[in-house]
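Visitor: this is a predicted model, with the sequence first.
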Amino acid sequence: MEQTERAPGIGIGDYITKHIREYGLLFALIAIMAFFQVVTGGVLLRPVNITNLFLQNSYIIIMALGMLLVIVAGHIDLSVGSVMGFIGALAAVMIVSWGMPVWLAMGACLLAGIAIGAVQGYFVAYWKIPSFIVTLAGMLVFRGLSLWLLAGQSIGPFPNSFQALSTGFIPDLFGIGRPNGLALAVGAVAVLLIVWQGMRTRARNARYGIEDEPFGLFVLRNAIVAAALLFVTWKLAWFRGLPNVLLSMVILTVVYVFLTERTTIGRRVYAVGGNAKAAKLSGIRTERLTFLVFVNMGLLAALAGLIFAARLNTATPKAGFAVELDVIAAVFIGGASMSGGVGKIVGAVVGAFIMGVMNNGMSIMGIGIDYQQVIKGLVLLAAVVFDVYNKNREA
Amino acid sequence: MTALLEMRRISKTFPGVKALDNVSLEVREGEIHAICGENGAGKSTLMKVLSGVYPTGSYDGQIVFDGQVADFRTIRDSEDRGIIIIHQELALVPQLTVAENIFLGNERATRGVIDWPQTFSQTEALLAKVGLRATPGQLVDSLGVGQQQLVEIAKALSKNVRLLILDEPTAALSESDSQALLDLLLELKAQGVTSIIISHKLNEVRRVADSVTVIRDGASISTIDARGGDLTEDRIVRDMVGRDMANRYPERERRAGEVVFELKNWNVWHRDHRDRQMIRDLSMTVRAGEVVGIAGLMGSGRTELAMSVFGESWGRGISGQALMHGQPVDLSTVDRAIKAGLAYVTEDRKTLGLILDETIRRNTVLANLDAVATRGVVDEARETEVAEGYRRTLRIRTPSVFQKVMNLSGGNQQKVVLSKWLFTNPEVLILDEPTRGIDVGAKYEIYSIINDLSREGKAVVMISSEMPELLGMCDRIYVMNEGRFVGELEGHRASQEAIMSLIVRE
């Protein structure tokens, strides 16, 4: 029998080996950032570029949150890129062409996303049609519909109030300006919250005798995270402060971490992905849960579509093309399992950042889109091979 | 008779565990040799060493096969020498035909082009030899488990088998299929095939084995020659568990209360074949504190009955009445059935009962997650307490409840499934093959748990293919055949003969 409980006096090295996946991901992100920082001659971590990194990747991260749930539940959604593009087009038609109020159009777009998710989820959950097929169909349908909506043209520009969704910054409440006081304050508070939460978890784990990381490692890991956070907020403070998008991203991430780890509904999604039959015989309404997971995905894809359109300030027929692949790749790089039941929100977010930093770094270096694709593909393969290798070693 | 196989002082160490410690095994030419031992005793490891799954050099000791020292590096090496293992989980491709399965990887072909006439005629000969009435072109999918087992044996025979190893061959078989399989083994023996049979079913071992080797805790304890007649089940059990087990079933006194659960005129049609009625006009009652058995052959509809009752999880066109305490209840979905006070422990704990990749703790609360949550947020402290509680009371052997379920032995996994259902606080527990694939010691513990539950006033329905178990545990036994109850026996008046004759008489 394999022991997973820690014997007293186990070394830091042993602990890392056992949790190589989680630490590996963090180290990979740091290593990739360090690499590009050097080869781009320090451009990567300039305040303006860090701000850009968040703006460029926000829609991928937001969709990765939903995709993680879809994949954990044992499914896949290939339509998210098309849906994102379609919703952007819908927003453009409603706001620019029809002159609808921004808030009303945004509400309608989010509802449309929910409806799209509901239709796809209905066929997957209740008709038991494989999600690959349903969402492949959705991908074609919504790609076609956005072409039709836009009549092959780009529609823009959007009013400022809509653009603010993506390119706006939170006003500095402390009125310092540069550096931005609010950004610094938020960074400091976030660090305190993370450390406090970590200590609380440690205390609870100790109370129940749950295996926990050695204290030295805990300090080191938190020090790295805290340093990174303070560094990023410091840099942001020297540009224009906190982007609106960053705020929505962080809030959504926290909400989904809570949802997946602490709520009954999150637990049940993992159970369905881990063993749908056993979950069903345990009284879990597996169909309804699958349905909801797709509804949620539709909602997030719609939100991503709005953010993307707001950033480009125009809706184009090409928006969202092949984005589903980046989203899915991010989730798998983050350690989710294709067979369902395994995966974490934080992993998916870090996976999305790894993809984002690579995109950004390679673009700064002037590497062609051809090589970029090849390299991203190889990184995805390497991450999954690493996963499988570790799994085999455990067995 | 000379020895066909000698395994001398085999030791195999995994990181931190000594799985085999100086195990020796001698199998004579032309005999049926049984290997008995509790789960985790090292039987499978020994067979993996023999078949080359663990290559030579990864273990200590020597294997002599057919007078030659054997250095198997792969399974292929051992198969080339005629050592063939048939695993408990059959390795057939359901979507291929019988003939294709038998010659899979060993095709009758010239330069890669398959010779179908030869394949089919040889398949027919092999099927006749194992006594399977199927056509070579039939899909394996359409055969029952017992018949698939025979296809596996035919496959082994196609490879000029010298030593046939069967791992728990009858675990999933009905009584009559088991008998047929054992008869086949005896017949193959008469034709000169040597075999090793790994089994928990001691009556079967006694019936066919010429000698028995008992393995306990990774060491060979004894080899008993059965031909001398000094082989008794008690002797094997004693060697297996290392102690006398005078009574394989804990004492229970009958204390049946009022009727808790009742089925009236229950009818169920087949899920896929709409014209096949699987349960016919069936009625039953279960009282508080009573253990009621359902006996019957494989395919008699026992599991289908249980699953149709439990949230209509199986079948279609379900009709009839279900009553709890005399009041009609709605059992149309699993969560309604749970709310009504039913719990169903499935026969297949790995695919239907547990989420293997999750911890004990999470599996324990799965069916009643709301009880450890407030407004949809799980209270992990409460969850841990619940799981810890069951770990103690059911004596689940594990370092902690944060252990993944897949790392547990069969008996402990079954206890986790039981914990899950006990936490829903049911009034009626339906146990489907509660001790399948579990070793003798753990079985006794499961029986004790069942007795404790009935003492608390729970009504227990126990479905089992092992008749001694039903006779040892039940106050009352329904005998089922072809979707109907064909008889009802009081526990003290039941016997294997009485049950069989009720089934056969139909």
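Guide: Okay, I see it. Numbers count the residues shown, from 1 in each chain, chains lettered A, B, ... in the order given.
Visitor: can we go C-alpha only for contacts and neighbour counts from here?
Guide: OK.
Visitor: which stretches of the stretch 351-500 of chain B form strands?
Guide: B:373-374, B:377-378, B:428-432, B:459-463, B:476-481, B:484-490 (DSSP state E, counting those that start in this stretch).
Visitor: what of the stretch 151-300 of chain B?
Guide: Going by DSSP E, counting those that start in this stretch, the stretch 151-300 of chain B shows strands at B:163-167, B:194-198, B:211-216, B:219-225, B:259-269, B:277-287, B:291-296.
Visitor: JSON lines for those strands, including mean pLDDT, distance to chain A and mean neighbour count?
Guide: Shown next, in JSON lines, are the strands of the stretch 151-300 of chain B (pLDDT from 0 to 100; distance: least, Cα to the nearest Cα, whole Å; neighbours: other Cα atoms under 10 Å in any protein chain shown):
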{"stretch": "strand B:163-167", "mean pLDDT": "91", "distance to chain A": "21", "mean neighbour count": "23"}
{"stretch": "strand B:194-198", "mean pLDDT": "92", "distance to chain A": "21", "mean neighbour count": "25"}
{"stretch": "strand B:211-216", "mean pLDDT": "89", "distance to chain A": "16", "mean neighbour count": "25"}
{"stretch": "strand B:219-225", "mean pLDDT": "84", "distance to chain A": "17", "mean neighbour count": "19"}
{"stretch": "strand B:259-269", "mean pLDDT": "94", "distance to chain A": "18", "mean neighbour count": "20"}
{"stretch": "strand B:277-287", "mean pLDDT": "93", "distance to chain A": "20", "mean neighbour count": "19"}
{"stretch": "strand B:291-296", "mean pLDDT": "92", "distance to chain A": "21", "mean neighbour count": "26"}
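Visitor: wait, which of these is closest to B:V460?
Guide: strand B:291-296 (4.7 Å; Cα to Cα).
Visitor: which other helices and strands contact the helix or strand following the closest one?
Guide: Later in the chain than strand B:291-296, the nearest helix or strand by DSSP states H and E is helix B:302-309. Secondary-structure packing of helix B:302-309 (3 or more Cα pairs under 8 Å, 6 or more residues apart in numbering or on different chains; DSSP states H and E): strand B:277-287, strand B:428-432.
Visitor: among those, which is nearest B:R349?
Guide: strand B:428-432 (9.8 Å).
Visitor: distance of the most centrally placed residue in chain A relative to chain B?
Guide: Chain A has A:I61 as the residue nearest its centroid, 2.7 Å off, counting by Cα atoms, centre = their mean. Distance of A:I61 to chain B, given as Cα to the nearest Cα, to the nearest Å: 25 Å.
Visitor: so who does that residue touch?
Guide: Contact analysis of A:I61 by Cα atoms under 8 Å, 6 or more residues apart in numbering or on different chains lists A:M249, A:V327, A:A348, A:V349, A:A352, A:F353.
Visitor: just to revisit the earlier point, right, and the strands of the stretch 351-500 of chain B - which one's nearest B:A288?
Guide: The minimum distance between B:A288 and the strands of the stretch 351-500 of chain B falls on strand B:459-463, with 4.6 Å, by Cα to Cα.
Visitor: could you check the angle that closest one makes with helix B:302-309?
Guide: 140 degrees (axes from the mean of the first three to the mean of the last three Cα atoms, to 10 degrees).
Visitor: what about chain B, any weak spots by pLDDT?
Guide: Applying pLDDT under 70 to chain B flags the ranges B:1, B:15-17, B:39-40, B:228-230, B:241-247, B:298, B:504-506.
Visitor: list the buried ones in stretch A:25-35?
Guide: A:L25, A:L26, A:L29, A:I32, A:M33 (16 or more other Cα atoms under 10 Å in any protein chain shown).
Visitor: let me see the contact set for B:L4.
Guide: Residues counted as contacts of B:L4 (Cα under 8 Å, 6+ apart) are B:E26, B:V27, B:R28, B:E29, B:F65, B:D66, B:G67.
Visitor: distance of A:L29 relative to A:V38?
Guide: Distance, A:L29 to A:V38, by Cα to Cα, to the nearest Å: 14 Å.
Visitor: A:G181 now?
Guide: Distance, A:G181 to A:V38, by Cα to Cα: 29 Å.
Visitor: now do stretch B:479-499: distance to the chain's middle.
Guide: 22 Å (Cα atoms, centre = their mean, to the nearest Å).
Visitor: tell me the buried residues in it?
Guide: B:479-486, B:488-489, B:491, B:494-495, B:499.
Visitor: so what's A:P171 up against?
Guide: Counting by Cα under 8 Å, 6+ apart, A:P171 has contacts A:G241.
Visitor: what's the neighbour count on B:N160?
Guide: 15 (other Cα atoms under 10 Å in any protein chain shown).
Visitor: give the other helices and strands that the helix or strand harbouring A:L29 contacts.
Guide: Per DSSP H and E: A:L29 is located in helix A:20-39. Judged by 3+ Cα pairs under 8 Å, 6+ apart, helix A:20-39 is in contact with helix A:345-365.
Visitor: helices and strands around the helix it packs on, which ones?
Guide: Against helix A:345-365 (3+ Cα pairs under 8 Å, 6+ apart) you get helix A:20-39, helix A:47-72, helix A:244-262, helix A:323-333, helix A:369-394.
Visitor: show me what stretch B:178-194 is in contact with.
Guide: Outside stretch B:178-194, the residues touching it (Cα under 8 Å, 6+ apart) are B:28-32, B:130-131, B:146, B:150, B:161-164, B:170, B:195, B:204, B:208.
Visitor: which of these fall within helices?
Guide: Using DSSP state H, B:V130, B:G146, B:L150, B:E204, B:V208 are the members of the contacts of stretch B:178-194 that sit in helices.
Visitor: before we move on, back to that, pull out the buried members of the contacts of A:I61.
Guide: Neighbour-count burial (16+ other Cα under 10 Å) is assigned, among the contacts of A:I61, to A:M249, A:V327, A:A348, A:V349, A:A352, A:F353.
Visitor: so which of those is the closest to chain B?
Guide: Each of these was scored against chain B by Cα to the nearest Cα, and A:A348 proved nearest at 19.7 Å.
Visitor: picking up where we left off before, which two in the buried ones among the contacts of A:I61 are spaced the farthest apart?
Guide: A:M249 and A:V327 (14.8 Å).
Visitor: rewinding a little: which of the ones in helices among the contacts of stretch B:178-194 are buried? Put it as a PyMOL command.
Guide: Buried subset of the ones in helices among the contacts of stretch B:178-194, written as a PyMOL selection, criterion 16+ other Cα under 10 Å:
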select buried, chain B and resi 130+146+150+204+208
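Visitor: please tabulate the ones in helices among the contacts of stretch B:178-194 in JSON lines, including the columns distance to B:M406.
Guide: Listed next are these as JSON lines, based on distance: Cα to Cα, whole Å:
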{"residue": "B:V130", "distance to B:M406": "36"}
{"residue": "B:G146", "distance to B:M406": "27"}
{"residue": "B:L150", "distance to B:M406": "30"}
{"residue": "B:E204", "distance to B:M406": "29"}
{"residue": "B:V208", "distance to B:M406": "33"}
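Visitor: and chain A, what are its domains?
Guide: Chain A breaks down by automatic domain parsing into domains covering A:35-168+A:251-394, A:169-242.
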